[in-house]
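Visitor: Below are the sequence and a predicted model for it; my questions follow.
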Amino acid sequence: MLSNTMKMTLAAMSLLAAGTVLAQPAGAQDKKFKIYLSLSYSGNAWQSETANIVKALAATSPYKDMVDLKEVISGTDPQAQISAYESMVDDGADGIISFPISSTALNRTIKRGCDQGVLFFMYDATVTEKCAYNVSYLTTGFGENTAQALVNILGGKGNIFLSRGVPGNSVDKHHTDGAMSVFNKYPGIKVVAEYYSYWDDRTTQQETAKALAAHPDVDGIWSQAGEYGAIQALLDKGGKLVPVTGENSNGFRLALANPEMQAKGLKGVSAGSPPATSGYAFKLMMEVLTKKRDLKAMNIEYPLPWVLAENVKVCAGDRFENGCNAFPESKVPSSFVTEVLDPVMLPELSMESAINGTAVDGAIIQPLPKEVKEAVNAPGINCEKCDAPADAYKPYKIEPIVAN
Amino acid sequence: MTSRSQNTSYIAVPDKRGNAKVSRETISAVSVAVLCVVILLGSRFISPSLGSWSQVETVLTLGSFLVVLSFGQGLVILSGGLDLSLPALITLGGVLSTAWVGAGNPDALFLLPLVLVGCGLVGSFTAVGVVWLKVPPFIMSMATSIMVASATLGMTNGTTRGAAPELLTDLMKSQIAGVPASILLLLAFVFFGWVLQARSVFGRHVYAVGTNDQAARIAGIPVTLTQFLPYVISAVCAGFVGMMLVGYSNGATLRMGDNYLLPSIAAVVIGGSSILGGRGTFLGTVGGAILLTTLGTVISAIGLNFGLRTIIEGSIILIALLVLRDEFFERLRAFRRP
Amino acid sequence: MSKAGVVHPKPSMKSVLLRGSFIIMALYIALYVVYVVQQPRALGAGAIASLFNNTVPLALASAGQAIVVLSRGFDLSLAGVVSITNVVMAVYPLEGPGGALASLAICLAIGAVVGAVNGWLVAYLRIQAIAATLATMIVCQGVALLILDAPGGTVAEWVSYELTDRIFNFIPVSGLILGAVVCLWLLARKTDFGIALYAIGADEHAARLSGIPVLKVRFFAFVLAGMIYGLAGYMLSAQTATGSPTAGEPLLMLSFAAVALGGTSLSGGKGGLFASVMGAATLMLLQKVLFSSGVSSFYTGIFQGAVLIIAVMFSALLTRLGERKNK
């Protein structure tokens, strides 16, 4: 019995070992930069677009001959990402570009990696560890600015829903705190329902439907990503729409600009998390690695997209040209996040790169603008034991109306 | 305490099984329904708009996903198994029906049944593992789930394309004689499910196999087939839920099924089924599913902090479980017939 | 009455048990060899310690789950207990070794309270374990969100440094703690309680007839499991050094996979805690191996699923072969 087991175990071992040898990439020893892309991967359009444009950039000349990019998906478990970071550092990574699952849990692992000379670039979500570069729009006031826009549209009074992100998530809390700081200034604004939509269209639609059952008389919806689902839920209820502020899904942009929807009462603004951040972070990291840029670890701000209904412009081609900022329905699904392209920072990319991760034929990496904008402190988001500036949560995109 | 429960579980129950079974399970189903109504009416205190027909419509539409899903789950549990692969199959069904068919493509509608066949094949994969290779259902279906989710992710490269076929949007959104089609669909499905589980030969076999597969084998029941089919049916149901969700929200996402696993099990158990198999009714499960959905709608209307709302939701589920407990009914019956 | 010796475990039981853990050990070693071949740095003391630190929270969670599963139950409240203890550790850090000890006591107490509620619901009120613990899990998640509504806070430095450190620069502290739990279990298994636990899982009816206080044993199985989850939350906090109200959720399904991988039957009565710990370790190691073998990350799930099925089949097959020979 015992010998049988041993034999089988040995057989299994040798099989696995054989597989390993085969799986070893040929010629891994030349001087390419070893870059890891570490994702959470919650399986939504936003996450895959961020990954795809990094892949597309890494496949664009001249990076395609300089970079060995490997992608790792860790799910929603910070522990899995800790383990992944450790493996990457042990594997001799030069740089790690990542969407961090937690703003604090990864710190120690990151510190250990930094000490071994690994560059950490975080995009969109951030970490409080000082040796990592955070590239994010989080400090640009998505919450308070969209909230102010909604208040202005509603004339300072009305019943509203808050369609939030993921419970117990620091990004969700930051946005909501910002929004509430505005809503609280207006006694006429009443939050009648607050629900978690997991940044997902389908969940937003179902949760909004539930809230509508209790409050059919809602006047406006403040939403984080998933906003298109809120519009669908309103349409399901029959006819009437209300003002909605939300993020950058293509469906939402098209709806905002659609005269039929406007006639039903839809107004609002499209702002929020731009997937382009990952591409910007990747190019920054490459410039630092290739010594084209001297940049110490810091918090870097990516500007907040801000598109009102009258500014929505549908693109004729596959790129953001002539100020266009949405794609026709026939080209991309409604959940596609439009702000993945950027004519200034990421001229190398097209819509196809965002969807398939492929480089554009003949494109060549263009240098980034010299200036980077340092982000303000956001305690618990991008720094630990630090103070937020005095004017944190002050809307600047839009002039606040007077509370009555 | 000890001696009494010993009494009920080991001496009393098997003896009067024949005549007590039906009535107890009926009581269980009825009381779930009553609980739903109580919550709905009670919800008027939270918001005057609640408890209206419009809310009932919302609950039934949102609940229809869970009802269809927990029919499959219930059947698998009844046969003595458990199916954890449902979320992945919902996503598979949804993703395939947008990718293969999509909007404005009536010629490709014949592919919709093929999507269900595909889901059924995945279900038979699970079933092969459970029935022939004797892998515990929990592990087998979890492994299937991980594999299918990963395959779907790879297949779509992370981005789902395409919109809902018009047939599916019509199914979920149109009205027939003033009644939403989704509710008619729900009623038809409940009738079909009830017939299959409570009135068909197959249904009776599932009960027998779930109670005691050795005895069922001796009684000449095709045990293997009876254990096999529930997984296939469950997978097809999950795929169909994927389609319903696509119709409801006009598109698919890769995590559209994530929030349905525990509710599908909870609906079955709250509806009075035993997690160990052999006991339970589909009508009870329907009640459980509607109860959970009602609870969700009402809870989300309470203007409390999310943590407190979560605590309330858990407590109400617990109270429902306590009220729907076997012993409670035993006592009730004893009270009526002193 | 409570003399549980009435039910003699079958003489073959012990050998079967040993074989169960032997198989998973063999699998682990095989995987480790592959890992080392791919990644020679894996043999360094630092890499080993970090592997231990990664493994211990899941290993402990699976150990607790195994106890409940042995008594033929399911415990979903694991996710809730780990989350609550984690946020408590982050929101109320107690410095120094004394503080660490006090925190540990608090974590164990939280686990014991939740476990006692579960035990009471399942054993005395006779609610099905999966449903009762689902409800307690939801309540616990709510409590965790009340204590801390977004990830943050800092775990006491003493805890986060000392408990993830190495003694003599070699032996990982977390490994010692895990080892202590396993040793305690090996002792407990020989007691009346341990024997009764297996007996209930194997055949509750027979156990009851032979005078085992079934309700009491089942109650304490949940309490004990809850305390081990508390310890898991404690160790998780040491590793992440911060709190998250959803910290426990990822461990839930993995704990069941670990238990099954360790050859513990999910229908009760067979298997053990050590094998489940090894199952957890194998799952964590598998992540590393899949990482270093360069499988496209989209498809790693297919390998994980396949390994799960094959490992469980393999161990069932060997167990069956073993039983046949024993006859």
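Guide: Done, it's in.
Visitor: Can you give me the domain assignment for chain A?
Guide: Following automatic domain parsing, chain A resolves into domains at A:31-137+A:274-303+A:338-384, A:141-271.
Visitor: what's the helix or strand for the residue of chain C found nearest chain B?
Guide: Chain B sits closest to residue C:301 of chain C, with a gap of 2.5 Å, by C-beta to the nearest C-beta. C-betas here are computed from N, CA, C, even on glycine. For residue C:301, the element it lies in under DSSP states H and E is helix C:300-326.
Visitor: ok, back up a step: OK, contacts around the residue of chain C closest to chain B?
Guide: Going by C-beta atoms under 8 Å, 6 or more residues apart in numbering or on different chains, residue C:301 touches B:146-147, B:149-151, B:153.
Visitor: Kindly compare burial across the domains of chain A and name the winner.
Guide: Looking across these with neighbours counted as mean count of other C-beta atoms under 10 Å in any protein chain shown, the highest average goes to domain A:141-271: a mean of 23.
Visitor: roughly how far out does that one sit from the chain middle?
Guide: Centre-to-centre, domain A:141-271 and its host chain are 19 Å apart (C-alpha atoms, centre = their mean, to the nearest Å).
Visitor: Span of that domain from start to end?
Guide: Terminal residues of domain A:141-271 lie 10 Å apart, using C-alpha to C-alpha, to the nearest Å.
Visitor: Strands along the stretch 1-150 of chain C, start to end?
Guide: Using DSSP state E, counting those that start in this stretch, no strands are assigned anywhere in the stretch 1-150 of chain C.
Visitor: Chain B contacts on that one?
Guide: Residues of the stretch 1-150 of chain C lying close to chain B by C-beta under 8 Å from any C-beta of the partner chain are C:74, C:76, C:121, C:124-132, C:134-146, C:149.
Visitor: I'd like the domains of chain A written out as CSV, with distance to chain B added.
Guide: Compiled in CSV, the domains of chain A are given as follows (distance: least, C-beta to the nearest C-beta, whole Å):
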stretch, distance to chain B
domain A:31-137+A:274-303+A:338-384, 3
domain A:141-271, 3
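Visitor: Switch the ones you listed over to CSV; also include mean pLDDT and distance to residue B:220.
Guide: Listed next are the domains of chain A as CSV, based on pLDDT from 0 to 100; distance: least, C-beta to C-beta, whole Å:
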stretch, mean pLDDT, distance to residue B:220
domain A:31-137+A:274-303+A:338-384, 90, 47
domain A:141-271, 91, 46
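Visitor: okay if I get these as TSV plus distance to residue C:184?
Guide: Listed next are those as TSV, based on distance: least, C-beta to C-beta, whole Å:
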stretch	distance to residue C:184
domain A:31-137+A:274-303+A:338-384	25
domain A:141-271	33
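Visitor: nearest spatial neighbour of residue A:200, skipping sequence neighbours?
Guide: residue A:226 (5.3 Å; C-beta to C-beta, 6 or more residues apart in numbering or on different chains).
Visitor: Residue A:167 too?
Guide: In this structure, residue A:167 finds its nearest non-sequential neighbour in residue A:196, 5.0 Å apart by C-beta to C-beta, 6+ apart.
Visitor: next one: residue A:137
Guide: Nearest residue to residue A:137, sequence neighbours excluded (C-beta to C-beta, 6+ apart): residue A:302, at 4.7 Å.
Visitor: how close does the one you found sit to residue B:159?
Guide: From residue A:302 across to residue B:159, the span is 22 Å (C-beta to C-beta, to the nearest Å).
Visitor: and the stretch 1-150 of chain C, which residues reach chain A?
Guide: With the criterion set to C-beta under 8 Å from any C-beta, the stretch 1-150 of chain C comes near chain A through C:22-23, C:26-27, C:29-31, C:33-34, C:37-39, C:41-42, C:47, C:50, C:54, C:57-58, C:144-145, C:148-150.
Visitor: show me where the chain has helices.
Guide: Just so you know, I chose chain A. With DSSP state H as the criterion, chain A has helices at A:2-23, A:45-58, A:78-90, A:107-115, A:142-154, A:170-183, A:201-214, A:227-236, A:250-257, A:259-264, A:276-289, A:351-356.
Visitor: I was thinking of chain C, sorry if that wasn't clear
Guide: Taking DSSP H, the helices of chain C run over residues C:11-38, C:45-70, C:78-91, C:96-119, C:129-147, C:157-162, C:173-189, C:192-202, C:204-209, C:214-240, C:249-261, C:273-292, C:300-326.
Visitor: Same list, those helices, but as TSV with mean pLDDT please.
Guide: As requested, the helices of chain C are exported to TSV (pLDDT from 0 to 100):
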stretch	mean pLDDT
helix C:11-38	73
helix C:45-70	90
helix C:78-91	95
helix C:96-119	94
helix C:129-147	92
helix C:157-162	84
helix C:173-189	90
helix C:192-202	88
helix C:204-209	87
helix C:214-240	93
helix C:249-261	87
helix C:273-292	87
helix C:300-326	75
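Visitor: Now tabulate these in CSV and tack on distance to residue A:222.
Guide: Formatted as CSV, the helices of chain C follow (distance: least, C-beta to C-beta, whole Å):
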stretch, distance to residue A:222
helix C:11-38, 49
helix C:45-70, 37
helix C:78-91, 27
helix C:96-119, 36
helix C:129-147, 21
helix C:157-162, 37
helix C:173-189, 44
helix C:192-202, 52
helix C:204-209, 54
helix C:214-240, 32
helix C:249-261, 27
helix C:273-292, 39
helix C:300-326, 36
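Visitor: Give me whichever of those helices is most buried.
Guide: Mean neighbours per residue, mean count of other C-beta under 10 Å, is largest over these for helix C:78-91, with a mean of 29.
Visitor: who touches residue C:118 in this structure?
Guide: C:75, C:77, C:129, C:132-133, C:136, C:222, C:226.
Visitor: at 6 Å what do you get?
Guide: With C-beta atoms under 6 Å, 6 or more residues apart in numbering or on different chains as the criterion, the residues that contact residue C:118 are C:77, C:133, C:136, C:222.
Visitor: next one: residue A:178
Guide: A:143-144, A:393.
Visitor: Name the nearest residue to it, ignoring sequence neighbours.
Guide: Excluding its sequence neighbours, the residue lying closest to residue A:178 (C-beta to C-beta, 6+ apart) is residue A:143, at 2.7 Å.
Visitor: And residue C:46, by the same measure?
Guide: Spatial nearest neighbour of residue C:46, excluding adjacent residues (C-beta to C-beta, 6+ apart): residue C:166 at 7.9 Å.
Visitor: Determine the number of other residues adjacent to the one you found.
Guide: Counted with other C-beta atoms under 10 Å in any protein chain shown, the neighbours of residue C:166 add up to 18.
Visitor: and what of the one 4 residues further on?
Guide: If you count neighbours by other C-beta under 10 Å, residue C:170 ends up with 9.
Visitor: any idea how far it is from chain A?
Guide: Per C-beta to the nearest C-beta, to the nearest Å, residue C:170 is found 18 Å from chain A.
Visitor: Just give the nearest non-adjacent residue to that residue, would you?
Guide: Nearest to residue C:170 is residue C:45, by C-beta to C-beta, 6+ apart, at 5.3 Å.
Visitor: Repeat that for residue C:95.
Guide: The shortest distance from residue C:95 to any non-neighbouring residue, by C-beta to C-beta, 6+ apart, is to residue C:156 (5.0 Å).
Visitor: dump the residue contacts of the one you found.
Guide: Counting by C-beta under 6 Å, 6+ apart, residue C:156 touches C:93-95, C:99.
Visitor: For those residues, which PyMOL command selects only the ones that are buried?
Guide: Buried residues among the contacts of residue C:156 (16 or more other C-beta atoms under 10 Å in any protein chain shown), as a PyMOL selection:
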select buried, chain C and resi 93+94+99
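Visitor: Quickly name whichever of the contacts of residue C:156 is closest to chain A.
Guide: For these, the nearest to chain A is residue C:93 (13.1 Å; C-beta to the nearest C-beta).
Visitor: What pLDDT does the model give that closest one?
Guide: At residue C:93, the predicted lDDT confidence score is 89.
Visitor: one step back: output the contacts of residue C:156 as TSV; include the columns distance to residue B:314.
Guide: Shown next, in TSV, are those (distance: C-beta to C-beta, whole Å):
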residue	distance to residue B:314
C:93	28
C:94	29
C:95	34
C:99	31
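Visitor: All good on my end, thank you.
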